[in-house]
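[1] What follows is a predicted structure for the sequence shown.
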Amino acid sequence: MIIKKVKDYMSTPVNVIERNEPIQRARNLMFKYSIGRLPVMDSGNLVGIVTKYDITNRISQAAPEWRRRPIDKVPIQVVMTENPITIFPDATMPQAAELMIENDISGLPVEKDGQVVGMITSRDMIRYFSDQDVSSTVEDLMSKNILTVHRHHTIDHILDEMNVQGISRALVYEDSKAPVGIVTRSSLTFSPIMGPKDEMETKNIKMTRKESTAGRKQNRYIKEMPFVAEDVMTSPVYSLTPEIKAVQASKILVEKHIIGMPVIKEDDVVGYFSADEIIAEIGRWK
């Protein structure tokens with residue numbers, strides 16, 4: 001393996017946001033640039049970081065006076081994480097991985113002389129790993145912690161399960177053995193469910209009421225329903241097999257611009273291979 005430095009793989013330039021700017025602007029920036037976190041600044045100083053996790057989850061934990069305000073009025077400082085962990089450009093990639101693991105985070109602002117000069121994220125870790133020459137297979141590294149949901153489960157239910165299990169994706173099933181889709185925090189952050197208020201939007205369903213079970217149609221009406229997994233899931237689901245080399249699998253992740261895939265053996269999902277497992281492996285390198 002080749003030990004490289006953070007400056008060799010960090011993303012730059014860095015999109016930032018001021019602490020008084022609204023949550024809606026952070027969401028728009030993440031969507032526009034396909035990023036999952038933004039350093040939060042105050043008069044040129046790094047004071048926090050806001051992530052997709054914050055937008056999908058933590059807004060519901062805001063103080064009551066903010067809950068009634070639309071997200072284009074709520075400032076980032078309400079949901080950001082203060083005093084974020086940072087790293088220097090000359091640190092090694094294994095050192096960055098160790099910091100991510102120890103602090104349970106997937107991205108680090110890179111600072112030099114008091115300035116944010118880059119971001120090192122889970123996607124950069126995947127790129128770094130894909131350049132290595134290691135013999136591990138997907139089966140050697142994959143996680144067996146798999147969250148499954150039905151396509152009709154509500155988004156609230158999925159978020160609750162993600163929080164309980166400490167993972168950021170859920171495989172969506174219907175009645176078959178194979179998953180029909182996947183829900184990630186990215187798909188939740190950038191989906192229509194995040195409306196102008198701090199609560200999940202609802203969808204309108206046209207219903208028909210009949211006079212009796214076999215009766216003729218009487219009238220139509222609209223019913224409000226919560227969003228469910230099938231409304232935001234990504235489909236089809238790409239998958240891996242256990243015997244594939246982990247480096248080759250990481251190259252597939254880079255090529256498809258995703259951070260994880262289920263592992264399938266004999267038509268059954270037996271694990272999940274993602275940036276989390278890659279970062280854990282890199283963190284063991286010295």
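    Okay, I see it.
[2] Going by C-alpha atoms from here, please, whenever you check contacts or count neighbours.
    Will do.
[3] Tell me which stretches of the chain form helices.
    If DSSP state H is used as the criterion, the helices of the chain fall at 6-9, 23-33, 52-56, 64-67, 93-103, 122-130, 138-141, 155-165, 185-189, 229-232, 246-256, 275-282.
[4] closest one to Leu46 among these?
    helix 23-33 (15.6 Å; CA to CA).
[5] quick one: average confidence on the closest one?
    Helix 23-33 shows a mean pLDDT of 89.
[6] Next one: the residue nearest the centre of the chain from Glu139, what distance?
    Closest to where the C-alpha atoms of the chain average out (CA atoms, centre = their mean) is Arg185, at 3.7 Å. The gap separating Arg185 from Glu139 is 25 Å, by CA to CA, to the nearest Å.
[7] and if you look at Lys177?
    From Lys177 to Glu139 the distance is 20 Å (CA to CA).
[8] Pick out whichever of the two has more residues nearby.
    Glu139 (20 against 10; other CA atoms under 10 Å).
[9] shouldn't Met162 be in contact with Val183?
    No: the pair Met162 / Val183 is not scored as a contact, 10.3 Å apart, by CA atoms under 8 Å.
[10] if I look at those two, which residues touch both of them?
    Arg169, Ala170 (CA atoms under 8 Å, 6 or more residues apart in numbering).
[11] on that earlier part again, distance of the residue nearest to the centre of the chain from Asp42?
    Distance from Arg185 to Asp42, by CA to CA: 27 Å.
[12] now do Leu171
    With CA to CA as the criterion, Leu171 and Asp42 are 39 Å apart.
[13] ok, the two, which is more surrounded?
    Neighbours per residue, other CA under 10 Å: of Leu171 and Asp42, the larger number sits with Leu171, 24 against 12.
[14] low pLDDT regions in the stretch 101-250 of the chain?
    Confidence mapping of the stretch 101-250 of the chain against pLDDT under 70 gives the ranges 189-225.
[15] Which parts of it are strands?
    For the stretch 101-250 of the chain, the strands defined by DSSP state E, counting those that start in this stretch cover 107-112, 115-121, 148-150, 169-173, 181-184, 202-210, 217-226.
[16] what's in contact with the shortest one?
    Think strand 148-150. For strand 148-150, the external contacting residues (CA under 8 Å, 6+ apart) are Ile158, Ala170, Leu171, Val172, Tyr173, Glu174, Ala229.
[17] And Met162 and Val183? Which one has more around it.
    A direct count of neighbours by other CA under 10 Å for Met162 and Val183 places Val183 higher, at 25 against 18.
[18] so who does the spatially closest residue to Glu243 that is not a sequence neighbour touch?
    Leaving aside its chain neighbours, Glu243 sits nearest to Thr137 (5.8 Å; criterion: CA to CA, 6 or more residues apart in numbering). Counting by CA under 8 Å, 6+ apart, Thr137 touches Pro242, Glu243, Ile244, Lys245, Ala246, Val247.
[19] Any quick ChimeraX command for the buried ones out of those residues?
    Applying 16 or more other CA atoms under 10 Å to those, the buried members can be selected in ChimeraX as follows:
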select :242,245,246,247
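[20] As a markdown table, the contacts of Thr137 with distance to Ser274 would be great.
    Formatted as a markdown table, these follow (distance: CA to CA, whole Å):
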| residue | distance to Ser274 |
| --- | --- |
| Pro242 | 13 |
| Glu243 | 15 |
| Ile244 | 14 |
| Lys245 | 13 |
| Ala246 | 10 |
| Val247 | 12 |
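[21] my guess is Val50 contacts Leu38, does it?
    Yes: with contact defined as CA under 8 Å, Val50 counts as touching Leu38 (5.4 Å).
[22] got any residues that touch both of these two?
    Ala26.
[23] Now Trp285: closest residue in space, sequence neighbours ignored.
    Pro94 is the one closest to Trp285 (CA to CA, 6+ apart), at 5.9 Å.
[24] From Met233, how far out is the one you found?
    For Pro94 relative to Met233 (CA to CA), the value is 33 Å.
[25] Pull out the buried residues from the contacts of strand 148-150.
    Using 16+ other CA under 10 Å, the buried ones in these are Ile158, Ala170, Leu171, Val172, Tyr173, Ala229.
[26] Which one of the residues you listed is nearest to Glu21?
    Closest to Glu21 out of the buried ones among the contacts of strand 148-150 is Ile158 (28.8 Å), distances taken as CA to CA.
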